[in-house]
Structure formats: C-alpha cells, structure tokens
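Novice: using only what follows, build the 3D model:
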Amino acid sequence: MSTILMLILGSVYAWSFFQKLIVDQYSWSNTRVAWSFSIAILMLGISAAWGGANLKKYGAQKLALIGVSLWSVAFMLGGLAFYYQNSVLLIFGFGFIGGVGLGLGYVTPVITAAKWFPEKKGLVTGMVIMGFGLGALLLSKVIAPFFLNLYANSLTCTFLSIGGVYLILGLLSAYFVVEPESSPNTQKDLDKTPNDYIFLLLSKQFVAIWIIFFINIVAGIMLISFQSSMIQDLFLLYGTSYSPLQLTSYGATLIAVSSVFNGIGRFFWVSISDRMGRIQTFRFILATQIIVFVLLNFVSNPIVFGALVCVVLLGYGGGFGTMPSFVADIFTDKHMSHIYGLLLTAWSCAGIVGPQIAAYFKDTNPERASFFSFLFAAVLLAVGLLLSFLVKIKPIITENNVDAR
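Specialist: The predicted structure follows:
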C-alpha cells in the first residue's frame, strides 16, 4: 500500500505534461507557471523535514492521511485557479498546499518501510520510492488524458476530477501505512529535540551529502519540469504537420517512459550501491549524467533526445533510491527519520533552482534555452563529482559527538 501511496504522490513529476497546456490556454509565462511546480517541491522538502522529525510524535498513519488529503485538495484548488484564471491561486493551492501534502506523505512510507525490514532496508526503500518515480506514468498516460478527453481539454474539470480520484485512492492506501511495534528505545528517542542533532548536521558528511544530493536533483528536475515542451519543440523541427493533440501525446509519452526509468533507477542503483558502496554509486550517477547533458546539446532527433532524458532520469531516481540507505549507513537507523527528513531540504532548494533556471532561459532566449540549461546542468554535476572525491565520507560510528567532527 505504501507503493500505491507513492504512485499518487509521484504524479507531481508529470507537471511538464500540463506546463505547455497552461501556457497556451492562459498566456501565462513559463516562469510564472513553473512556480507552481517549484513551490510544490520547495514545500515538499520542508514539510518532509518536519515530518521526519515528528514521525514518532504523530505516527506514520496520521501524517500519511493528512499528506495525501492535502495533495488531493491541491488539485481541486488548481481547478478553481483555472476557472478564475488566477495564477496566484494555482501557486498557493497546487504549490504551497500540495507541497506540504507531498512532504508529509512522502517521508512516512519510506521511513516506515525501512523499520519493517531493517535487514533489507536498501531493497525495500528502493521499491517504495520506485512508486514515486512511476507516479508520472499513471497521471500522464492514463488519468490526465482520460479526463482531458472527457472534458474537451478543460483544465478546470480535469484537475477537480483528479483531486477526487486521488482523495479516494489515497486515503485507502494511507490507512495501511503503520509502523511496527515500538522498540524499548522509542521513548528515549521521543525525548530528543532537534538541538540534539545539530552536531550531525554540521558534520562534513552531512554537508557533502546534502550538496551532492542537491546537485543531482537540480539536473534531473530541470528536465522533468520541461521535458514535454522540449521534445515537442524538437518534433516541430521536422515540420508543421503535427497537431497540438499529437504533440501533447508525444510529450506525455516521454513523461511516461522517463518516469519508468525514474522508478527503475530508484531500485536499480540502490541494489548496485549495496555491492559497490553508496558514494561510489553516486560518482557513477554523476559522471554518467555529465556525459549525457553534453550529448544533449548535439541532439536534434526527438527519439534520441528522449532516450538520453531517460538516462538522466535513471540517475535522478537512483539518487533518491540510494539516499535513505546512505543516511542509515552513516548516521545509523536510530537517527534516520530526523536526518533523512532534513536532508530532503536539498530537494526543496533544487525544486526552486532547476525549474526556474530552465523557465528563465525559455522565456528570455527560447531558441537557445535547451543549450544553456544543459550546459548549466553539466557544469553543476561536474562540481558534485569533484566534491565526492575531495570529501571523505565515512560512517559516524558512535552515538555521541566524537565521530561527527
């Protein structure tokens, strides 16, 4: 049921499916529309950090139920925003409210699954997080096209209906997200405050992991937020015979296929990391993406472009799939809920930087937007790769401050 919940929450990655439709129907700028997605990711990370720190206090089931409810309401508020043609309401409803729901819903099944299967936490968390990566497939190829066709491309009716469907399915799945029976140390953990974790957050290990995680997310989310419009632009280079419906379908296909790779990456790379090591796995992920982003600047064929996007999303998902086990290895399972939740603030920051950089280039220099976006991503990934070699990331073995210096 945790995976089903993640499928619903992961539909946020289908945003590029709506990006071009919204811009075309309401004549809003790419930057303005992209803020809805950026704020959603920003609040996702912030609320996930809070949720991870307060998971024991409120319980996984309660946070999951609240999270999926808010995410469903976000779609409904988005529908109202389209009805009133109010972009501020879209940013607040889908972005702010939806982002809070995403964060509360995301962190609970990941941490809970790891507690149920501590001896196979890499495999289990990878499978659960894989559902989040596949969420865009469900929305872009099944749910959204169905409602758009049913309501003659009405974004108002489509968003309202999606919100209703997600509310029913989400509440059913979230109800079963429960933690195993408390261990004898649970009360001891409950007495801890965020101040008890400052020494961990100031460690070189945490800072280095945060930056590397942030860089990997920026590169991937930049493509996720605009992949549909990018491949549609490439198809237009082959002629003007493509109808808007065909172009939308091609964009949805890329979202669907890349989401599969996003999901597979969360499972594939964490399996590799169990044998190769977490930091070595991240080095491979970063290096592979550097090569791909360089190649993307020389690609004009939409099929080849789509294949390369899938490689990037494989690494993007791999970063999310590997990180929970990475955190547990370094900071121990005991600190995982706090540290992993706080680490997701990297996702928040990346959600602002990635989409907004791409949107800025698309609004100010549309003909060269892809070139500048891919160049920016390649340089940033190179910085992350260099950092992974400069900083020695080792486990914090003891429960006190000695090894955190």
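
Novice: what is the helix or strand that contains F213 packed up against?
Specialist: For F213, the host element (DSSP states H and E) is helix 204-236. The helices and strands touching helix 204-236, judged by 3 or more CB pairs under 8 Å, 6 or more residues apart in numbering; DSSP states H and E, are helix 15-26, helix 30-53, helix 244-276, helix 278-296, helix 302-331, helix 336-343, helix 345-364, helix 369-390. In this view, the C-beta of every residue, glycine as well, is placed from N, C-alpha and C.

Novice: at 6 Å instead, please
Specialist: helix 15-26, helix 244-276, helix 302-331, helix 345-364, helix 369-390 (3 or more CB pairs under 6 Å, 6 or more residues apart in numbering; DSSP states H and E).

Novice: ok, of these, where does mean pLDDT dip lowest?
Specialist: Least confidently modelled of these is helix 244-276, at a mean of 84 by mean pLDDT.

Novice: and that helix, what does it pack onto?
Specialist: If contacts are counted by 3+ CB pairs under 6 Å, 6+ apart, helix 244-276 sits against helix 121-138, helix 204-236, helix 278-296, helix 302-331.

Novice: next, the angle from the second one to helix 336-343.
Specialist: For helix 204-236 and helix 336-343, the angle between their directions (axes from the mean of the first three to the mean of the last three CA atoms, to 10 degrees) works out to 50 degrees.

Novice: can you give me the neighbour number for I168?
Specialist: Counted with other CB atoms under 10 Å, the neighbours of I168 add up to 10.

Novice: any idea how far F82 is from it?
Specialist: I168 is 22 Å from F82, where distance means CB to CB, to the nearest Å.

Novice: list the contacts of G10.
Specialist: Contact analysis of G10 by CB atoms under 6 Å, 6 or more residues apart in numbering lists F132, G135.

Novice: now swap in A369 and tell me
Specialist: A369 is in contact with F361, K362, counting by CB under 6 Å, 6+ apart.

Novice: excluding its backbone neighbours, what's nearest W269?
Specialist: Spatially, and ignoring its direct neighbours in sequence, W269 is nearest to G318 (2.9 Å; CB to CB, 6 or more residues apart in numbering).

Novice: shaky segments in this structure?
Specialist: Within the chain, the stretches with pLDDT under 70 are 1, 114, 117-126, 180-201, 238-240, 332-337, 395-405.

Novice: that older thread, turn the helices and strands packed on helix 244-276 into TSV, including distance to V68 and mean neighbour count.
Specialist: Output for those, formatted as TSV (distance: least, CB to CB, whole Å; neighbours: other CB atoms under 10 Å):
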stretch	distance to V68	mean neighbour count
helix 121-138	12	25
helix 204-236	21	23
helix 278-296	29	21
helix 302-331	19	24
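
Novice: redo these as TSV? Include distance to A378.
Specialist: As requested, the helices and strands packed on helix 244-276 are exported to TSV (distance: least, CB to CB, whole Å):
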stretch	distance to A378
helix 121-138	23
helix 204-236	8
helix 278-296	4
helix 302-331	11
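
Novice: before we move on, back to that, can you add distance to M222 and give the helices and strands packed on helix 204-236 back as a markdown table?
Specialist: Listed next are the helices and strands packed on helix 204-236 as a markdown table, based on distance: least, CB to CB, whole Å:
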| stretch | distance to M222 |
| --- | --- |
| helix 15-26 | 11 |
| helix 244-276 | 13 |
| helix 302-331 | 9 |
| helix 345-364 | 4 |
| helix 369-390 | 6 |
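
Novice: among these, which comes closest to L55?
Specialist: Smallest distance to L55 across the helices and strands packed on helix 204-236 (CB to CB): 13.4 Å, for helix 302-331.

Novice: show me what the closest one is packed against.
Specialist: When contacts are defined as 3+ CB pairs under 6 Å, 6+ apart, helix 302-331 packs onto helix 121-138, helix 204-236, helix 244-276, helix 278-296, helix 336-343.

Novice: what's the spacing between stretch 229-239 and its chain's center?
Specialist: Stretch 229-239 sits 26 Å away from the centroid of its parent chain (CA atoms, centre = their mean, to the nearest Å).

Novice: CA-only coordinates of that stretch, as CSV, when you get a sec.
Specialist: Included here for stretch 229-239 are C-alpha records, laid out as CSV according to Å, rounded to 0.1, in the frame of the first residue of the first chain:
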residue,chain,number,x,y,z
SER,A,229,7.7,21.0,-24.2
MET,A,230,11.4,20.3,-25.1
ILE,A,231,10.5,17.2,-27.1
GLN,A,232,7.5,18.9,-28.7
ASP,A,233,9.8,21.6,-29.9
LEU,A,234,12.1,19.0,-31.5
PHE,A,235,9.2,17.4,-33.3
LEU,A,236,8.2,20.7,-34.7
LEU,A,237,11.6,21.0,-36.3
TYR,A,238,10.5,18.1,-38.6
GLY,A,239,7.6,20.1,-40.0
